[in-house]
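Asks: The sequence and its predicted three-dimensional model are supplied below.
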Amino acid sequence: MSADASRALKVITGASRFEASAEEYTVARAATALVEAYPAPTVGGGDVCRVYTPTGTPDFVLRITWDLEDSAPTGRSAPNYTVLKMGERAVAAAADKAYVFFACRGARLPDSLGLAHIVIGVERWMMPTEPEGDVEALKDAYATVAHSVSLAMAKELRCEKDGGLPAQPVLDPA
C-alpha cells in the first residue's frame, strides 16, 4: 500500500497497527487468482486482503476484494455514492466503502480476449453503528485505499498504462 493509503487506514480504523492477514492474502496471489478466473465475470471474485485491528482492541474488519466484470460500468451510480475521476469509474459511499473499476490489457492476461474489467472494493465489515467523525475524510480514506490497491493490482497484472489509473488518488467528485 502507498504511504497515503497507510495514513488513510488510520483515518478509517483509528489504529496505526494491524494484525496480519493469512498468507494467501496478497496482491500477487489475488492477481494470480484473477488471471485464472479471466475471462469469466465473477461474483465475489476473491479477497485481496483483510485488515484487522490488533487483538484486544474493538473488532474491526476491512475487506479488500476483487471482481471481474464483463464490461465497463454503465449507467448512473446509486445516489449514496460519490463518483470520482479514476479508472473506468470510482465511487465512494458515505463512510464505509469505495470501489475502483479499471480496464486492463496486460502481459499476464491473454491478449486475444480484449480488456479485463476489474473492480477493487474496500468495505468495512461488522460496523454496528453509524461512523463517527468527519464523514468526508472517511469517504476520502476509503477511496484512497481502493485506489492504492487498484494501482498495485494493475502493476502486478502489468496492465498497459496502469489500467488508466492516476499515480495519486483523485478525490474530487467527477
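Replies: Thanks, I have it.

Asks: The closest residue to residue 135 other than its chain neighbours - how many residues pack around it?
Replies: Using C-beta to C-beta, 6 or more residues apart in numbering and skipping the chain neighbours, the partner closest in space to residue 135 is residue 95 (4.8 Å). The way it works is simple: take the backbone N, C-alpha and C, and place the C-beta from them, glycine included. Residue 95 is surrounded by 20 other residues when neighbours are defined as other C-beta atoms under 10 Å.

Asks: From residue 111, how far off is residue 95?
Replies: As for residue 95, its distance to residue 111 is 40 Å (criterion: C-beta to C-beta, to the nearest Å).

Asks: Of all the helix elements in the protein, which one is longest?
Replies: Looking only at the chain and at elements set by DSSP state H, the helix with the highest residue count is helix 135-156.

Asks: Quick one: list the elements packing against that helix.
Replies: With contacts defined as 3 or more C-beta pairs under 8 Å, 6 or more residues apart in numbering; DSSP states H and E, the secondary structure elements packing on helix 135-156 are helix 3-13, helix 27-37, strand 46-52, strand 61-69, strand 89-93, strand 97-104, strand 116-125.

Asks: quick one: which of those is nearest residue 168?
Replies: Across the helices and strands packed on helix 135-156, the minimum distance to residue 168, taken as C-beta to C-beta, is reached by helix 3-13, at 7.2 Å.

Asks: Tell me the pLDDT of residue 150.
Replies: Confidence per residue is given as pLDDT, and for residue 150 that number is 97.

Asks: Ok, the one 3 residues further on next?
Replies: Residue 153 is assigned a pLDDT of 96 by the prediction.

Asks: swap in residue 105?
Replies: In this prediction, residue 105 has a pLDDT value of 93.

Asks: got a list of what it touches?
Replies: With contact set as C-beta atoms under 8 Å, 6 or more residues apart in numbering, residue 105 has these partners: 111, 114, 115, 116, 159, 160.

Asks: Quick one: buried ones out of the residues you listed?
Replies: Among those, those classed as buried by neighbour count (16 or more other C-beta atoms under 10 Å) are 115, 116, 159.

Asks: Report the buried residues of stretch 27-35.
Replies: 27, 29, 30, 31, 33, 34.

Asks: contact partners of it?
Replies: Taking C-beta under 8 Å, 6+ apart as the criterion, the residues outside stretch 27-35 that touch it are 45-49, 66, 68, 108-109, 116, 118, 149, 152-153, 156-157.

Asks: go with 6 Å
Replies: 46, 48, 66, 108, 152, 153, 156, 157 (C-beta atoms under 6 Å, 6 or more residues apart in numbering).
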